[in-house]
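Enquirer: have a look at this prediction, sequence included:
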Amino acid sequence: MRMKKKTWVLLIATCLLVYGWYKLFYKTWSNEGVAKDADCVLAVDTKRVANTLIWQFITTPSQWKNISFFSADDGRVKWSDMVKLPDYVFIFHKAGQPANALYTVAEINNREDFEKGLQQFHFEKTGEGHYSSKETGIELIQSGMKLLIGNTGVEDKKLIIKTAAELFNKKEYAPKDLLQGNVSANKHFSLQLINSVFGKHQ
């Protein structure tokens, strides 16, 4: 009986370790969120950022005492309810577009929460699957469960529509070996400049 109990404890501990490793360290990524002619790519390693925050919380709890992670639900929708946070967030600029035309691709987390969030953050529908919010400065193009996120500061609205068509319809993506440089950097943030308006390859 004692042996069985030890076996079960070991099995549960192993499962918890594997689950913890998967949630904290296992990462996947895809090139389907970056346009083929991107000349500037910033990668954000979201798990690395989250792990750093968790470590800071564990080692310096006094600095976090005024922050509540368990606040009551007031019925408002959070961005995390609307959009899934991937292991790597790729923010890119397309060659030939204004310097302030930056994009990222995300996936809708919950369609109902997404619809609520559009109202909550005062997004106006400006076209089929096209939403804009002056309050947040964010512009969205929706295709199924996919979103292209841009900024409202770009005057020519045809640019984000064209970019969405290239990604969602034509499926023209940046080559994987280009983004591998960002991923292999093993940093919280990794920037690549490829003969762009921001500078030359770094």
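Expert: That came in fine, so what should we check first?

Enquirer: quick one, helices of this structure?
Expert: Along the chain, the segments classed as helices by DSSP state H run 2-24, 46-59, 79-82, 111-120, 158-164, 176-184.

Enquirer: identify the residue nearest Lys171 in space, chain neighbours excluded?
Expert: Distances taken as C-beta to C-beta, 6 or more residues apart in numbering place Glu32 nearest to Lys171, at 7.6 Å, with adjacent residues excluded. C-beta coordinates here come from the backbone N, C-alpha and C atoms, glycine included.

Enquirer: pretty sure that neighbour is touching Lys170, no?
Expert: No - assessed by C-beta atoms under 8 Å, Glu32 is found out of contact with Lys170, at 12.0 Å.

Enquirer: more neighbours, those two?
Expert: Under the criterion of other C-beta atoms under 10 Å, the comparison of Glu32 against Lys170 puts Glu32 first, with 14 against 10.

Enquirer: any idea how far Thr136 is from the more buried one?
Expert: Separation of Glu32 from Thr136 (C-beta to C-beta, to the nearest Å) stands at 24 Å.

Enquirer: then Ile161?
Expert: From Ile161 across to Thr136, the span is 19 Å (C-beta to C-beta).

Enquirer: between those two, tell me which one has more neighbours.
Expert: With neighbours defined as other C-beta under 10 Å, Ile161 and Thr136 compare such that Ile161 has more, 18 against 14.

Enquirer: contact partners for the residue lying closest to the more buried one once chain neighbours are set aside?
Expert: In space, and not counting its chain neighbours, Ile161 is closest to Ile141: 6.6 Å by C-beta to C-beta, 6+ apart. Counting by C-beta atoms under 8 Å, 6 or more residues apart in numbering, Ile141 touches Gly129, His130, Leu147, Leu148, Gly150, Ile160, Ile161, Thr163, Ala164, Phe168.

Enquirer: surely the second one and Thr152 touch.
Expert: No - between His130 and Thr152 there is no contact, the gap being 11.6 Å when judged by C-beta under 8 Å.

Enquirer: overlap in contacts, the two.
Expert: Taking C-beta under 8 Å, 6+ apart as the contact rule, the neighbours common to His130 and Thr152 are Glu139.

Enquirer: gap between Asp37 and Thr163?
Expert: Remark: distance between Asp37 and Thr163 (C-beta to C-beta) = 10 Å.

Enquirer: okay, the two: which has more neighbours?
Expert: When Asp37 is set against Thr163 and neighbours are counted by other C-beta under 10 Å, the residue ahead is Thr163, at 23 against 16.

Enquirer: tell me the contacts of the more buried one?
Expert: Ala35, Lys94, Tyr103, Ile141, Leu148, Gly150.

Enquirer: hmm, 7 Å instead?
Expert: Contacts here follow C-beta atoms under 7 Å, 6 or more residues apart in numbering; on that basis Thr163 touches Ala35, Lys94, Tyr103, Leu148.
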